[in-house]
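[1] 3D model of this:
(chains A and B)
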There are 2 protein chains.
Amino acid sequence: MRADIELMPQDIPDRKGGGKVFVVIDVLRATTTIIEALSNGCTDVIPVVTVDEAFDLAKRVPIEGTLIGGERGGLKVKGFDLGNSPREYTRDVVSGKRVILTTTNGTKALRSIAACENVLVAGFTNAHAVVQRCLALKADPVMVPAGGERKFSLEDVVCGGMMMDLLEREGVALTDAARAACILYRTFAHDLLEMARNSEHGRELIRVGLEDDLALCVQTNVSSSVPVFRDGSIRVD
Amino acid sequence: MRADIELMPQDIPDRKGGGKVFVVIDVLRATTTIIEALSNGCTDVIPVVTVDEAFDLAKRVPIEGTLIGGERGGLKVKGFDLGNSPREYTRDVVSGKRVILTTTNGTKALRSIAACENVLVAGFTNAHAVVQRCLALKADPVMVPAGGERKFSLEDVVCGGMMMDLLEREGVALTDAARAACILYRTFAHDLLEMARNSEHGRELIRVGLEDDLALCVQTNVSSSVPVFRDGSIRVD
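    This is a model prediction of the structure:
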């Protein structure tokens, strides 16, 4: 096995997934929110790219109790049930419900990779469980930090680096990019919250009043859920 | 000022250069070779993308003493005067001569950025001089590691990180990507040769018998030449 990471978002229309498992990471906050929702009994999350798509889908597939969540500019969209804060996706709110989710970067990254066979959803909260799944699948892991438009995302690469650190301990070979991510993780491992607070994305969330999300998003190994994205829907097995 | 780095090669057809200075890095070996050639009295280097283009240009513009250099698979192309090893570009060989150069990644990266106003050529050998030039230009530096096809290049990012380290000491702000490059540089600074030897590209060069190039390519601060790419040609002012 050999693990790789795309250190910047790549515009790859023809991404081939043969023999690989793609791991989508958007720590702040889409993938952390998805993990939290599914850990709390949400039946499935449908990632969509635009706000209109979210409203349309909710209308076309009127399943009782479907919730629409997501953000633009970090904040809840008018008319949505939920924003993109994992704190909102409690058991009381999401248990037994489907969530349609649209976020600025994370759901786009997921949709761009929808055609691949093996796609997992990761954050710091479930990184250990995702690594175990990658090892069980015996496919080469490719970490895909969501980032923004052609934009490096420090917290996502550090999260990918944490998984590289765990994979390397299990004897998995790392590409140069994966080694670089691993070095970045080890640099920040002693204080992931401080890393998140000082990251470009973290500073933006603090600016719009969402600082409390950061501590939740950098908790490690608190969820054993491994969300799988298949046929347009994200579920835990 | 704010310094940034493209941690992976970006396919940006409409790259805008307004208020920016782009710094192309291909440590192993294109930019190191260009710096060496110009430091040794070569009049100018014309980067071209294909081998045919190199032969055609040499025929169309038959300037006495024009040399054709470059590599495919790391090795000198049949019919070329020189390969892509900086060791070949001695004063005896290149002084007063024009060089037409084509390499797998470096000259492609240069040509992709040809339309921008400020484009400099950097390697470990001239990194200090390039940083001084960036400061004098008062434009935001964007480091462009050449890498390969959508491929992360550790040695180029570490070289970019060395320049970020120097820029930060001069009070220049760094993006998250630039900070990451800086961390990678500091991790490997104590033994750049070992870093190059263990990099994917370094291992490939060792495999084809070009190990001796590595030590030359990771020398720091040995050239004060700052090659400038303008109107299709690379020169020192």
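
[2] Centre-most residue in chain A?
    Centroid check for chain A by CA atoms, centre = their mean gives A:Thr31 as the closest residue, at 2.5 Å.

[3] what's that residue in contact with, if anything?
    A:Val24, A:Ile25, A:Gly106, A:Val121, A:Ala122, A:Gly123, A:Ala146, A:Pro227 (CB atoms under 8 Å, 6 or more residues apart in numbering or on different chains). To be clear about C-beta, it is placed using only N, CA and C from the backbone, and glycine gets the same treatment.

[4] Redo the residues you listed as a markdown table? Include distance to chain B and pLDDT.
    A markdown table is the format used below for the contacts of A:Thr31 (distance: CB to the nearest CB, whole Å; pLDDT from 0 to 100):
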| residue | distance to chain B | pLDDT |
| --- | --- | --- |
| A:Val24 | 17 | 96 |
| A:Ile25 | 15 | 97 |
| A:Gly106 | 17 | 88 |
| A:Val121 | 22 | 98 |
| A:Ala122 | 19 | 98 |
| A:Gly123 | 18 | 98 |
| A:Ala146 | 14 | 89 |
| A:Pro227 | 26 | 98 |
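
[5] Which entries within those meet the buried criterion?
    By neighbour count, with 16 or more other CB atoms under 10 Å in any protein chain shown, the contacts of A:Thr31 hold A:Val24, A:Ile25, A:Gly106, A:Val121, A:Ala122, A:Gly123, A:Ala146, A:Pro227 as buried.

[6] quick one, what contacts the second one?
    By CB under 8 Å, 6+ apart, the contact set of A:Ile25 is A:Thr31, A:Ala122, A:Gly123, A:Met143, A:Val144, A:Pro145, A:Ala146, A:Asp156, A:Cys159, A:Gly160.

[7] The fifth one: neighbour count?
    Meaning A:Val144. Counted with other CB atoms under 10 Å in any protein chain shown, the neighbours of A:Val144 add up to 28.

[8] Contact partners for A:Ser85?
    By CB under 8 Å, 6+ apart, the contact list for A:Ser85 reads A:Arg29, A:Thr33, A:Leu210, A:Asp213.

[9] thought the first one was touching A:Val218?
    The one in question is A:Arg29. No. The pair A:Arg29 / A:Val218 is not scored as a contact, 10.9 Å apart, by CB atoms under 8 Å.

[10] Neighbour count: these two, which is higher?
    A:Arg29 (28 against 25).

[11] tell me the contacts of the more buried one?
    Applying CB under 8 Å, 6+ apart, the residues near A:Arg29 are A:Asn84, A:Ser85, A:Pro86, A:Thr103, A:Gly106, A:Leu205, A:Asp213, A:Cys217.

[12] For the residue nearest to it when sequence neighbours are not counted, which three-state class applies?
    Of all residues not flanking A:Arg29 in the chain, A:Asn84 sits nearest, at 5.3 Å (CB to CB, 6 or more residues apart in numbering or on different chains). Applying DSSP: H, G, I helix; E, B strand; the rest coil to A:Asn84 yields a three-state assignment of coil.

[13] coming back round to it: between the contacts of A:Ser85, which has the most around it?
    Among the contacts of A:Ser85, the one with the most neighbours (other CB under 10 Å) is A:Thr33, at 32 neighbours.

[14] Surely that one and A:Val93 touch.
    No. Proximity of A:Thr33 to A:Val93 does not meet the contact threshold set by CB under 8 Å, at 11.9 Å.

[15] Kindly provide the whole-number mean pLDDT of stretch A:165-173.
    Averaged across stretch A:165-173, the pLDDT comes to 98.

[16] Give me the buried positions along it.
    A:Asp165, A:Leu166, A:Leu167, A:Val172.

[17] So is whatever helix or strand the second one lives in next to chain B?
    Element membership of A:Leu166 [criterion: DSSP states H and E] is helix A:154-169. Yes. Using CB under 8 Å from any CB of the partner chain, we find that helix A:154-169 touches chain B at A:Leu154, A:Val157.

[18] Going along the chain from that helix, find the next helix or strand for me.
    Next element after helix A:154-169 (DSSP H and E): strand A:173-174.

[19] quick check, A:Ile46 in a strand?
    Yes. Assigned with three-state DSSP, A:Ile46 falls within a strand.

[20] quick one: contacts for it?
    Contacts were defined as CB under 8 Å, 6+ apart; by that measure A:Ile46 touches A:Leu57, A:Arg98, A:Val99, A:Ile100, A:Leu101, A:Gly232, A:Ser233, A:Ile234.

[21] Return the residues of chain A in contact with chain B.
    Contact residues (CB under 8 Å from any CB) of chain A with chain B: A:6-8, A:10-12, A:150, A:152-154, A:157, A:175-177, A:179-180, A:183-184, A:187, A:199-200.

[22] Report the helix or strand with the lowest average pLDDT across chain A.
    helix A:106-112 (a mean of 86; mean pLDDT, DSSP states H and E).

[23] Other residues contacting it?
    For helix A:106-112, the external contacting residues (CB under 8 Å, 6+ apart) are A:9, A:12, A:15, A:24, A:26, A:29-31, A:34, A:47-49, A:70, A:101, A:119, A:121, A:144, A:146-147, A:229, A:234.

[24] can you map out the helices along chain A?
    Per DSSP state H, chain A carries helices over the ranges A:30-39, A:51-60, A:91-94, A:106-112, A:127-137, A:154-169, A:176-188, A:192-198, A:200-207, A:212-217.

[25] Just put those in JSON lines and tack on distance to B:Thr43.
    What follows is those, written out as JSON lines (distance: least, CB to CB, whole Å):
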{"stretch": "helix A:30-39", "distance to B:Thr43": "54"}
{"stretch": "helix A:51-60", "distance to B:Thr43": "58"}
{"stretch": "helix A:91-94", "distance to B:Thr43": "69"}
{"stretch": "helix A:106-112", "distance to B:Thr43": "47"}
{"stretch": "helix A:127-137", "distance to B:Thr43": "54"}
{"stretch": "helix A:154-169", "distance to B:Thr43": "42"}
{"stretch": "helix A:176-188", "distance to B:Thr43": "36"}
{"stretch": "helix A:192-198", "distance to B:Thr43": "47"}
{"stretch": "helix A:200-207", "distance to B:Thr43": "43"}
{"stretch": "helix A:212-217", "distance to B:Thr43": "55"}
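
[26] first to last residue in stretch A:222-237, what's the distance?
    18 Å (CA to CA, to the nearest Å).

[27] buried set for that stretch?
    A:Val222, A:Ser223, A:Ser225, A:Val226, A:Pro227, A:Val228, A:Phe229, A:Ile234, A:Val236.
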